[in-house]
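Chemist: A structural model of the following input is requested.
(2 chains)
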Protein chains: 2
Amino acid sequence: MSFQPWLIAPISAIVSILIGLYFYRYVEKQDRGNQTMQEISDAIRTGANAFLKREYRTLAIFVGAVSVLLFIFLPTPIWQGEPIRNLTITLSYIFGSACSALAGYLGLTVATKANARVARGAQQGLNKAFPIGFRGGAVMGLSVVGVGLLGISVVYAIVGLSPTEEVPAVLAYSFGASALALFAKAGGGIYTKTADISADLVGKVELDLPEDDPRNPAVIADNVGDNVGDVAGMGADLFDSYVASIVATMILGAALAISGSYAYLEIPLVFAGVGIFASVIGSLIVRISKKGNPGNALNMGTYVTCAIFGGLTAITTYLMSYPWEIWGAATVGLVAGVIIGVTTDYFTSEDKTPVIKTAEASKSGPAINIITGFSYGLRSIIFPLIGIGVAAAIAYKLLEPLGGVSYGVFGISMAAVGMLSIVGLTVSNDAYGPIVDNAKGVAEQSGLSEEVVAVTDKLDAAGNTAKAITKGFAIGAAGLTVISLLAAFQEIASKAGHVAVFDIMNPLVLMGALVGVAMPAVFSAMLMLGVGRNAERMIAEIRRQFREIPGLKEGKPGVKPDYARCVDIATIGAIRELMPASVVAIAVTLIIGFVGGINALGGYLAGAILSSLLLALLMSNAGGLWDNAKKLIETGVHGGKGSEAHKAAVVGDTVGDPFKDTAGPSLNTMITVMSLVASLFAALIVQYNLIGFLGL
Amino acid sequence: MSFQPWLIAPISAIVSILIGLYFYRYVEKQDRGNQTMQEISDAIRTGANAFLKREYRTLAIFVGAVSVLLFIFLPTPIWQGEPIRNLTITLSYIFGSACSALAGYLGLTVATKANARVARGAQQGLNKAFPIGFRGGAVMGLSVVGVGLLGISVVYAIVGLSPTEEVPAVLAYSFGASALALFAKAGGGIYTKTADISADLVGKVELDLPEDDPRNPAVIADNVGDNVGDVAGMGADLFDSYVASIVATMILGAALAISGSYAYLEIPLVFAGVGIFASVIGSLIVRISKKGNPGNALNMGTYVTCAIFGGLTAITTYLMSYPWEIWGAATVGLVAGVIIGVTTDYFTSEDKTPVIKTAEASKSGPAINIITGFSYGLRSIIFPLIGIGVAAAIAYKLLEPLGGVSYGVFGISMAAVGMLSIVGLTVSNDAYGPIVDNAKGVAEQSGLSEEVVAVTDKLDAAGNTAKAITKGFAIGAAGLTVISLLAAFQEIASKAGHVAVFDIMNPLVLMGALVGVAMPAVFSAMLMLGVGRNAERMIAEIRRQFREIPGLKEGKPGVKPDYARCVDIATIGAIRELMPASVVAIAVTLIIGFVGGINALGGYLAGAILSSLLLALLMSNAGGLWDNAKKLIETGVHGGKGSEAHKAAVVGDTVGDPFKDTAGPSLNTMITVMSLVASLFAALIVQYNLIGFLGL
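Modeler: The predicted structure follows:
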């Protein structure tokens, strides 16, 4: 047996995990700082672990229930087919969930260990602290891609992917990963914003305490939230896009494999493997001089990784004699990601018109601040959507000449793979953010000198800059991925005997599209109302503590708030609220399918994709913009901190919080899960649906 | 020559105009009240007329410029074809603009005359005041449908509608009506919210003055705004949906006429004519007893009109031997309109969960109020969209068996005609709102007794109740109309030789859809930022007057603010801001078409339709909800007026103002205009487009 090129995928995945472990050891070896710092860090870790444990326990029940359903019904009802195939699907699904949970757990563990160490490092200088933060983030980044790709490889190695299969095992694996990600994202998002909003509203607005003040009972919950929301949640989000894009491309490639060679099926694995190597190299070369700028270091890492990826894939394409058009499609995806990131940056940067004008509008009060920020958020949508649309069209047109429509669609999918190939590095940059943010919190709460806090500030600002480009990748990648998933759904339905054309003038497609458009809105609303309800409970508790604990407000030495109580409220509330929205999203997808059939379901997915891109962009950009408008005022313009303009800007920032950190980012995952559910059940739906049964 | 059934359209239109004139005379004959009331009413009328005059002058330039373009290029470039056909198109366009302007002018004139007379009537009792308000509104309602349908009839009588025509003259007529409506809606919307927000922020929030206080320099501008925004703007909006739905159905019917009889082409005219008779009868029977409930009277009028319409069209169908399926489609549309109205009502009613919860959330401050209201707004989207989708699917499936897809699409279009047939009455109910709102303003400013104000209050509350159902019709009708327009566009393109299938997996359709999704967002943003900019100017002026005019703040007798200055600022600002957004919407549509071709344009329209329905529903429902949450608190709950909860609710209400009265309602018109532009230029685009030229 000759060398199988796709084996580069599991090999690179294992390398990635090993380098991740090396970084983990590196972080662990660092000094944890003084007693207070250790205590704070321990409190954060304990809270985060408690949340994760409870969340995973709840999710285990869900995973168990879904497993039973999958075992009974997929790929064919168990009384019709071979139980062994159903068992394969079920095990792949459980394995996907487990991998997703593992990646989240690893990232969270190292993040909560790194924060105090970064703060301690900051006492010794920027160039000591920075690598601790970055490598802490890289553990998350490298384990996300490593675990994800290794998982796909294992399933593929054991079960394979037959071009005629209606329910491929890799699809079930991807569904497992995405469904878990959806809950993790929703739960983490609700947790973090409950704590953040409540801490701010009572602490900053009512009592005029500074950020991260140790007297605030919600301060530990707030820090825990950064970890469970931003680290574990965001990691799960990109984990799910990453896995889904590769799986969708494999399925589309398998369809080509019927006529052509098996190469198409395995190209996404090869490219993803090469991408991991690029990310590993990128993460190893990111460093900084004593006076260096951490933001530039992070961005440089991204650009270098992109270049390495472009070069390595070109070499691979040459060696393997792949069509150059495929390399072109992947590169188009990568370039589009960068362009989307740069244009997104414009709408949320402190030195650009939107933020400046919104800060100015704050002088006329909170209402005008909200209207202005919301309007710029609406305006920010167009460039990323053009970017996604143009990238998809170019990728399609590049590959179409190779053999028609299915090749064109495979091209779109390869653009998504290209965009996501360097996700190992982008997640590293992104996870760096909450780690240094927490480090700043630890530094302030343990009373380190102003100089040290300034160093952590500098580290923190860099995280925000790098985030813009990362976000561009996340949005673009989600867009292209769900388009490939829609194509995969169409492909699977046609294998099952229903050649579907999602023509918007078909009344079932149209009806589906109208319902689909509404779903992301309903889903976001459910999450945000959950945050609102939760925050009301927590605000009441914070007020109670300030009222009932003598000396707390005045900061009497030795008087401590009951942090654990707030951590508890956030945890219980998040667990309670994370289920309904996600279950509704999955259930409505199935209802549309089994009632309206494949055409209605295709329209539904298309409508949901368009609307979720719109809402996700609006919410994350408006949220980022309000945040920075507030920060701009805090630098002293329009009266600075404490002015009327500042109070108005705080209102905008608070509205933006659940926009950008709860609802907005969950939408990517929601639409991925919906698409995967549709694909999984496509063959069953072709057979059993009400519209077909009624002969309409 | 035997009797032509379609002549019922012009006949009923003339009857409608005559009854409108009769109501106009009725209103004019009423007593104008005392000196102060007359003065205030005169000031409002002068301001409104000044605005309209300036607006129409600006629009005349636009209409002139577009006329030149149409004359040169449509239906074929003038150097290729017969200039006489180009002249026909151009004249039809100008005629459409003129009809739209005329309807707006008539409605505005009577509304500004009716306000003081209603206030005077209120001194004599509810049953004296109510008919003045209702009949004032009915002038608008009956002239909208009368002028609109008469115009179509004239164009049809002179030019006809050949089934092979690529650019029918009726389409140019509809474009004229819609383009003018777009500007009127945008201009009026910016005007009214500039005045409203500014008056509230300085008057209510900063200085604690009551609503409509004569000391507020913006109070007259605010009253003028109600008229130019709500009466003229809203009339133009429904005028444009009404005309477009009939024209689209005629075009789709003409395609059927090739194979079948001419009846299909003329059925929409016949049904619209019957609808006008129903509306006229309905408007004549609306009355109220001395102790009656005006809200019930309005709703009863709507239900009776629906019933009469159902009955009359059934008789017509029987007499003319039309297929009963067509009657079924129209009825489905009508029923869907009512259902959508009722579900919409749930999200904005003071006694239902969404408003109650939002009012409660106000206790935690403005941010939580905004998050909660916005979330319920997101949630409100789903029922109307299901309503539109199901109505479209049923209407399609009813007619499809008659002869396939084109019959099915004609069915969707007939559902839109059905929903809009009773628009004469719904506009009457809607225009009643601002008239009695103004009457209340006049009563308060001229110091009438509390009893009289209470009567006007009761009249005003009824306006809000009736509005929910009207709004359901407006949204549903716009949705179905643009779907028919998309079908008409497809039909025209196929006549021109391009058989288009708007398959979302086609990369050009997809790219178009992604850009299309962004357009309504960009358009709304431009309008809202315009309101923000304008309001900043006006707030500065109001503050200046309170600062510089001695005794104004204290209400010293004889001291009056400079109302005219505020009216001027609102006018100039609105005129300046109304152009860019609308021109961008039209220009981008043409760019997409001439660059991407028919497929891209079809995707673009589909994306824009889905996204504009989403945003329009979100904005108008969230806006209405915030408004009523504030009103609920003003009844005394959560601390009542002046409490922290009330202040928070005022912020929400202010954010909602441009949502519900500027951006939201303009979106209906925007998407109609885009669809009409696409249809007008479809044949040219088939011949000349970049993608086709490049051979892609």
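Chemist: Stretch A:649-664 near chain B anywhere?
Modeler: Yes. Contact between stretch A:649-664 and chain B is present through A:650-651, A:654-655, A:658 (criterion: CB under 8 Å from any CB of the partner chain). The way it works is simple: take the backbone N, C-alpha and C, and place the C-beta from them, glycine included.
Chemist: Could you dump these into TSV with pLDDT and distance to B:Val522 added?
Modeler: Shown next, in TSV, are these (pLDDT from 0 to 100; distance: CB to CB, whole Å):
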residue	pLDDT	distance to B:Val522
A:Val650	91	28
A:Val651	92	25
A:Thr654	92	26
A:Val655	94	21
A:Pro658	91	24
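Chemist: Stretch A:58-78: how far from the chain's middle?
Modeler: Counting by CA atoms, centre = their mean, to the nearest Å, stretch A:58-78 is centred 25 Å from the centre of its parent chain.
Chemist: who in the stretch 351-500 of chain A is up against chain B?
Modeler: Residues of the stretch 351-500 of chain A lying near chain B (CB under 8 Å from any CB): A:361, A:364-368, A:370-372, A:374-379, A:381-382, A:385-386, A:388-390, A:392-393, A:396-397, A:405, A:408-409, A:412, A:479, A:483, A:486-487, A:490.
Chemist: which residues does the closest residue to A:Gly603 other than its chain neighbours contact?
Modeler: Of all residues not flanking A:Gly603 in the chain, A:Gly512 sits nearest, at 3.1 Å (CB to CB, 6 or more residues apart in numbering or on different chains). By CB atoms under 8 Å, 6 or more residues apart in numbering or on different chains, the contact list for A:Gly512 reads A:592, A:596, A:599-607, B:389.
Chemist: if you set the cut-off to 6 Å instead, what comes out?
Modeler: Contacts here follow CB atoms under 6 Å, 6 or more residues apart in numbering or on different chains; on that basis A:Gly512 touches A:596, A:600, A:603-604.
Chemist: same thing with A:Tyr26?
Modeler: A:Arg135 are the contacts of A:Tyr26 under CB under 6 Å, 6+ apart.
Chemist: run the last query once more with 8 Å
Modeler: Counting by CB under 8 Å, 6+ apart, the residues that A:Tyr26 touches are A:131-132, A:135.
Chemist: Filter these down to the ones in helices?
Modeler: A:131-132, A:135 (DSSP state H).
Chemist: Make sure A:Gly33 is indeed in a helix.
Modeler: No. Using DSSP: H, G, I helix; E, B strand; the rest coil, the secondary structure at A:Gly33 is coil, not a helix.
Chemist: Just give the number of residues close to it.
Modeler: Around A:Gly33 there are 24 other residues, counting by other CB atoms under 10 Å in any protein chain shown.
Chemist: circling back: which single one of the contacts of A:Gly512 is nearest to chain B?
Modeler: For these, the residue nearest chain B by CB to the nearest CB is A:Gly603; the value is 8.0 Å.
Chemist: For chain B, what's the nearest residue on the stretch 51-200 of chain A?
Modeler: For the stretch 51-200 of chain A, CB to the nearest CB, closest residue to chain B: A:Ile197, 7.4 Å.
Chemist: average model confidence for the helix or strand harbouring that residue?
Modeler: Using DSSP states H and E, A:Ile197 sits within helix A:169-198. Averaging the model's pLDDT scores along helix A:169-198 yields 90.
Chemist: And it, how far out from the chain middle?
Modeler: Worked out by CA atoms, centre = their mean, helix A:169-198 lies 9 Å from the chain centre.
Chemist: Tell me the buried residues in it?
Modeler: Counting neighbours by 16 or more other CB atoms under 10 Å in any protein chain shown, one finds that the buried residues in helix A:169-198 are A:169-198.
Chemist: what's around A:Ala254, how many residues?
Modeler: By other CB under 10 Å, 24 other residues sit near A:Ala254.
Chemist: And A:Ile61, by the same measure?
Modeler: A:Ile61 has 10 neighbours, counted by other CB under 10 Å.
Chemist: Same check on A:Asp200?
Modeler: 22.
Chemist: one step back: export the residues of stretch A:649-664 next to chain B to CSV and append columns for neighbour count and secondary structure.
Modeler: Output for these, formatted as CSV (neighbours: other CB atoms under 10 Å in any protein chain shown; DSSP: H, G, I helix; E, B strand; the rest coil):
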residue, neighbour count, secondary structure
A:Val650, 25, helix
A:Val651, 27, helix
A:Thr654, 29, helix
A:Val655, 28, helix
A:Pro658, 31, helix
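Chemist: Return the member of the residues you listed nearest to B:Asp568.
Modeler: A:Val651 (31.8 Å; CB to CB).
Chemist: what pLDDT does the residue nearest to A:Gly603 get?
Modeler: pLDDT for A:Gly512: 95.
Chemist: hmm, back to that, is there a quick PyMOL command that grabs whichever of the residues of the stretch 351-500 of chain A next to chain B are buried?
Modeler: Listed next is the PyMOL selection for buried residues among these, using 16+ other CB under 10 Å:
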select buried, chain A and resi 361+364+365+366+367+368+370+371+372+374+375+376+377+378+379+381+382+385+386+388+389+390+392+393+396+397+408+409+412+479+483+486+487+490
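Chemist: How much space separates the residue nearest to A:Gly603 from B:Ile592?
Modeler: Distance from A:Gly512 to B:Ile592, counting by CB to CB, to the nearest Å: 24 Å.
Chemist: Equivalent analysis for A:Ile549, please.
Modeler: Using CB to CB, A:Ile549 is found at 62 Å from B:Ile592.
Chemist: cool, A:Gly311 as well?
Modeler: For A:Gly311, the distance to B:Ile592 equals 37 Å [CB to CB].
Chemist: And the two? Which one has more around it.
Modeler: Neighbour count, other CB under 10 Å: between A:Gly311 and B:Ile592, B:Ile592 has more, with 27 against 12.
Chemist: Show the average pLDDT along the one helix or strand the more buried one maps to.
Modeler: Assessed by DSSP H and E, B:Ile592 sits inside helix B:563-634. Across helix B:563-634, the average pLDDT comes to 91.
Chemist: What of stretch A:536-552?
Modeler: For stretch A:536-552, mean pLDDT rounds to 89.
Chemist: residues of that stretch that come out buried?
Modeler: By neighbour count with 16+ other CB under 10 Å, stretch A:536-552 contains the buried residues A:536, A:538-539, A:541-543, A:545-546, A:549, A:552.
Chemist: check contacts around the residue of the stretch 151-300 of chain A found nearest chain B.
Modeler: Residue of the stretch 151-300 of chain A nearest chain B, by CB to the nearest CB: A:Leu201 (6.2 Å). Residues in contact with A:Leu201 (CB under 8 Å, 6+ apart) are A:535, A:539, A:654, B:364-365, B:367-368.
Chemist: in the stretch 1-150 of chain A, which spans are helices?
Modeler: Counting by DSSP state H, counting those that start in this stretch, one finds helices in the stretch 1-150 of chain A at the ranges A:8-29, A:35-73, A:83-124, A:126-159.
Chemist: picking that back up, generate a markdown table for the contacts of A:Tyr26, with distance to A:Val247 as supplementary columns.
Modeler: Formatted as a markdown table, those follow (distance: CB to CB, whole Å):
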| residue | distance to A:Val247 |
| --- | --- |
| A:Pro131 | 34 |
| A:Ile132 | 35 |
| A:Arg135 | 30 |
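Chemist: can you give me the angle the helix holding B:Ile592 makes with helix B:35-73?
Modeler: 100 degrees (axes from the mean of the first three to the mean of the last three CA atoms, to 10 degrees).
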